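Student: the amino acid sequence is not available; the structure is as follows:
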């Protein structure tokens, strides 16, 4: 009986979403697989530890996205569109909910956030399934710098 209970407890930890402390609720392993859709435009490169995921340079490096102000990334800089920069200036900080809403429909998200129907996003790709977006977010948080509360 004790062995069965111990086994059940051990298995439950394997299926519990990583970072369930409020920073990320998705499944990191599933997120890593889904990120393959993102790496055509985005990479994940730790400036001090090297490449986590090779990818395109059309979009910004997603390393350390959690807590970053939208439209700010020293390496990407001027490549950001005006609407995402404006959103950052108006307080858009990347967290799980903002990320999930943004990747579902970037243009709609920015139009709503900025209360401006003419707002645009350079990101044309949409990750419509909320579960997929939460999983990608969990993956990004897991490979980024340690999150400090």
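Tutor: Here it is on my side, so go on. As the structure is a prediction and not an experimental result, all values here were calculated from the model.

Student: just give me the neighbour total for the closest residue to residue 103 other than its chain neighbours.
Tutor: Of all residues not flanking residue 103 in the chain, residue 127 sits nearest, at 4.2 Å (CB to CB, 6 or more residues apart in numbering). C-beta here means a position set from N, CA and C on the backbone, and glycine is covered the same way. A count of nearby residues for residue 127, using other CB atoms under 10 Å, gives 20.

Student: ok, now residue 122?
Tutor: By other CB under 10 Å, the residues close to residue 122 number 15.

Student: coming back round to it: A helix includes the residue nearest to residue 103, no?
Tutor: No. The assignment for residue 127, made by DSSP: H, G, I helix; E, B strand; the rest coil, is coil rather than a helix.

Student: for the nearest residue to residue 92 once chain neighbours are set aside, what are its contacts?
Tutor: Nearest non-adjacent residue to residue 92, counting by CB to CB, 6+ apart: residue 70, 4.0 Å away. Contact analysis of residue 70 by CB atoms under 8 Å, 6 or more residues apart in numbering lists 84, 85, 87, 88, 92, 93, 94, 98.

Student: how about low-confidence regions in the protein?
Tutor: Residues of the chain that meet the criterion pLDDT under 70 lie in 1-22, 149.

Student: can you give me the helices for it?
Tutor: All helices of the chain, identified by DSSP state H, fall at 2-15, 28-34, 82-89, 96-104, 106-114, 130-143.

Student: any chance of TSV for those, columns mean neighbour count and distance to residue 76?
Tutor: Converted to TSV, the helices of the chain look like this (neighbours: other CB atoms under 10 Å; distance: least, CB to CB, whole Å):
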stretch	mean neighbour count	distance to residue 76
helix 2-15	8	35
helix 28-34	18	22
helix 82-89	19	10
helix 96-104	19	16
helix 106-114	19	15
helix 130-143	22	16
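
Student: dump these to JSON lines, plus distance to residue 57.
Tutor: Below are the helices of the chain laid out as JSON lines (distance: least, CB to CB, whole Å):
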{"stretch": "helix 2-15", "distance to residue 57": "35"}
{"stretch": "helix 28-34", "distance to residue 57": "20"}
{"stretch": "helix 82-89", "distance to residue 57": "16"}
{"stretch": "helix 96-104", "distance to residue 57": "19"}
{"stretch": "helix 106-114", "distance to residue 57": "18"}
{"stretch": "helix 130-143", "distance to residue 57": "17"}
